[in-house]
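Engineer: Requesting a structural model of the entry that follows:
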Amino acid sequence: MVDDAKLRAETQTESTVQGTAAPAMRADDHSNASPAVETPVEGRQGFLGAPVLMVLVGGLVLAIIAWFVVEAIA
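Structural biologist: As a prediction, this is how the structure comes out:
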């Protein structure tokens, strides 16, 4: 099972190649006796880049606006 993860890790990259998406992993039945073995790419929970930064900056701006509104009322 660990060898399978190493083989997948060698073929995967952080981004897609020529616009093709990485194939989805099939759902497995894992237990404590047989834990899931994933590559770093498979184990990552989300994407990186500009869209994530925009959401974080937008949330910060909204929090600052809310702070000013609360301070103006109080």
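
Engineer: Quick check on A63: phi, psi?
Structural biologist: Here the main-chain torsion angles of A63 (degrees, to the nearest 10) amount to phi -70, psi -40.

Engineer: How is this protein divided into domains?
Structural biologist: What the record gives for the chain is the domain set 1-43, 45-74, from automatic domain parsing.

Engineer: For the protein, give me the ranges with low pLDDT.
Structural biologist: Low-confidence segments of the chain (pLDDT under 70): 1-2, 11-30, 45-46.

Engineer: Now do the helices for it: every range, in order, please.
Structural biologist: Under the criterion DSSP state H, the chain contains helices at 2-11, 40-43, 50-73.

Engineer: what would those look like in JSON lines with mean neighbour count and distance to S31?
Structural biologist: To be clear about C-beta, it is placed using only N, CA and C from the backbone, and glycine gets the same treatment. Shown next, in JSON lines, are the helices of the chain (neighbours: other Cβ atoms under 10 Å; distance: least, Cβ to Cβ, whole Å):
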{"stretch": "helix 2-11", "mean neighbour count": "11", "distance to S31": "16"}
{"stretch": "helix 40-43", "mean neighbour count": "12", "distance to S31": "18"}
{"stretch": "helix 50-73", "mean neighbour count": "9", "distance to S31": "33"}
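
Engineer: Which one of those lies nearest to S34?
Structural biologist: S34 lies closest to helix 2-11 among these, at 11.8 Å (Cβ to Cβ).

Engineer: hang on, the earlier thing: distance to S34 added to the helices of the chain, as JSON lines?
Structural biologist: Rendered in JSON lines, the data for these read as follows (distance: least, Cβ to Cβ, whole Å):
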{"stretch": "helix 2-11", "distance to S34": "12"}
{"stretch": "helix 40-43", "distance to S34": "16"}
{"stretch": "helix 50-73", "distance to S34": "33"}
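
Engineer: No further questions, thank you.
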